[in-house]
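Undergrad: Could you work out the structure for the sequence below:
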Amino acid sequence: MADDLDRISWPISRLGEAIEALAHKSGLSPHQTEAAVPSEKLSQEDDEALGHWIQTTANVLDLEAEAVECTYADVERLVRSSAPALLRIPGEHGPRFLALLGGGRRVTVLGADLAVRRLKAETICAALRQEIEAPLIEEMDRLLEQAGVPERRRIRARAAILRERLSSYRLGGHWLLRLPPGASVWSQARQTHLPRQLVFLVMAHTAQYLLWILAWWTVGRGAFQGHLDQGWLLAWALLLLVMIPFRMLALWSQGLLAIGAGAILKQRLLYGALRLDPEEIRHKGAGQLLGQVMESEAVESLALSGGFLGLRSEER
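TA: Okay, here's the model as predicted:
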């Protein structure tokens with residue numbers, strides 16, 4: 001496992017290339033520029049210097065690199081839900097980095113040869129925890145052997161003990177790649193997959209109404225003929241039954257679309273508020289500022305209220 005990750009991961013000498021390649025594969029559309037090459041001393045310096053270099057390189061590509069850390073118990077959540085991200089793992093000749101493209105039970109990783117691979121999330125979690133678990137493994141094995149725990153149960157017992165002892169230990173050295181708050185709305189919408197949710201919503205609504213029309217056409221056909229066969233009645237019931245999953249898909253897509261649009265709007269409002277020049281708003285009174293805040297909250301709530309209105313219309 002360690003050899004596979006060592007072959008897939010990126011050395012610190014190619015860290016700039018890894019950031020640019022990960023951004024391209026993730027659809028973040030970075031600026032075209034020559035990949036930065038870190039100095040040889042960077043691997044010997046502390047996490048703060050490394051984080052500053054990564055953030056500076058990301059800014060050159062018009063991206064944002066956010067340093068994150070997690071507890072021992074939350075490593076699996078980090079691996080499965082943080083993509084696109086750079087995860088630092090220990091290596092024989094210094095730290096190495098995994099470029100995460102996608103999460104889930106099987107994580108998508110961009111290798112140093114630019115090939116996309118799928119790995120089990122447990123494999124990456126074990127590599128991230130290896131450095132802090134190594135000093136305790138021998139002690140745990142000796143303790144379990146003295147307690148008479150069968151060998152087939154020692155792995156699970158050792159994992160439970162380690163999780164209990166190291167649950168509050170924090171692991172750092174990981175960075176999330178994101179678009180900056182001032183990026184275009186279309187780029188932010190693509191990153192949050194809003195166009196895909198919109199396509200699902202339109203397709204689900206279209207299928208739902210077509211099935212609705214077809215269902216009542218079968219009933220109307222029997223009504224105009226003066227009698228309704230049992231077969232046509234069964235077809236009408238089946239069409240109404242098939243409508244249910246399409247309706248659920250439409251409501252689900254509508255909710256995700258509303259939440260995603262609301263999050264983008266809130267982010268851009270906060271970014272704009274932080275960029276305000278104090279000289280431009282100094283002449284405004286408390287009432288004017290409060291009014292602007294209330295107006296921005298009203299605009300933000302429109303995206304979420306659209307989802308509820310859609311739900312009400314579907315119920316009617």
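Undergrad: Quick check: which element contains the nearest residue to Ile137 once chain neighbours are set aside?
TA: In this structure, Ile137 finds its nearest non-sequential neighbour in Arg158, 7.5 Å apart by C-beta to C-beta, 6 or more residues apart in numbering. No exception for glycine: its C-beta is placed from N, CA and C like everyone else's. For Arg158, the host element (DSSP states H and E) is helix 151-165.
Undergrad: ditto for Arg118
TA: With DSSP H and E as criterion, Arg118 is part of strand 116-120.
Undergrad: Which neighbours in the sheet does that strand have, and how are they oriented?
TA: strand 106-110 (antiparallel) (DSSP bridges).
Undergrad: buried residues in the partner strand?
TA: The neighbour-count check on strand 106-110 (16 or more other C-beta atoms under 10 Å) flags 107-110 as buried.
Undergrad: Stretch 171-188 now?
TA: 171, 173-179, 181, 183, 188.
Undergrad: Which of those residues fall within helices?
TA: Under the assignment DSSP state H, the buried residues of stretch 171-188 contribute Gln188 to helices.
Undergrad: average pLDDT for the helix ranked longest in the chain?
TA: The longest helix of the chain (DSSP H) is helix 230-274. Over the span of helix 230-274, the pLDDT mean works out to 82.
Undergrad: among the helices and strands of this structure, which has the poorest mean pLDDT?
TA: Within the chain, no helix or strand scores below helix 286-315, which has a mean of 60 by mean pLDDT, DSSP states H and E.
Undergrad: what's the spacing between Ala273 and Gly287?
TA: 17 Å (C-beta to C-beta, to the nearest Å).
Undergrad: Same question for Ala67.
TA: Distance, Ala67 to Gly287, using C-beta to C-beta: 40 Å.
Undergrad: and what of Leu211?
TA: 53 Å.
Undergrad: Could you check which of the two is surrounded by more residues?
TA: When Leu211 and Gly287 are compared for neighbours, Leu211 comes out ahead with 19 against 8, by other C-beta atoms under 10 Å.
Undergrad: dump the residue contacts of that one.
TA: Leu211 is in contact with 239-240, 242-243, 246, counting by C-beta atoms under 8 Å, 6 or more residues apart in numbering.
Undergrad: ok, now with 10 Å
TA: With contact set as C-beta atoms under 10 Å, 6 or more residues apart in numbering, Leu211 has these partners: 238-244, 246-247.
Undergrad: so can I have CSV of these showing distance to Gly148 and neighbour count?
TA: Putting these into CSV (distance: C-beta to C-beta, whole Å; neighbours: other C-beta atoms under 10 Å) gives the following:
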residue, distance to Gly148, neighbour count
Leu238, 61, 13
Leu239, 64, 19
Leu240, 62, 13
Leu241, 57, 11
Val242, 58, 14
Met243, 60, 18
Ile244, 55, 11
Phe246, 58, 19
Arg247, 57, 16
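Undergrad: Need these in JSON lines (columns: distance to Gly103).
TA: Listed next are the contacts of Leu211 as JSON lines, based on distance: C-beta to C-beta, whole Å:
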{"residue": "Leu238", "distance to Gly103": "38"}
{"residue": "Leu239", "distance to Gly103": "38"}
{"residue": "Leu240", "distance to Gly103": "37"}
{"residue": "Leu241", "distance to Gly103": "34"}
{"residue": "Val242", "distance to Gly103": "32"}
{"residue": "Met243", "distance to Gly103": "32"}
{"residue": "Ile244", "distance to Gly103": "30"}
{"residue": "Phe246", "distance to Gly103": "28"}
{"residue": "Arg247", "distance to Gly103": "29"}
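Undergrad: how about stretch 267-275 as CSV, C-alpha atoms only?
TA: Extracted in CSV, the C-alpha atoms of stretch 267-275 (Å, rounded to 0.1, in the frame of the first residue of the first chain):
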residue,chain,number,x,y,z
GLN,A,267,-20.5,34.3,-0.4
ARG,A,268,-20.5,37.1,-2.9
LEU,A,269,-22.4,39.5,-0.6
LEU,A,270,-19.9,38.9,2.2
TYR,A,271,-17.0,39.3,-0.2
GLY,A,272,-18.4,42.6,-1.5
ALA,A,273,-19.0,43.8,2.1
LEU,A,274,-15.4,43.1,3.1
ARG,A,275,-14.1,45.0,0.1
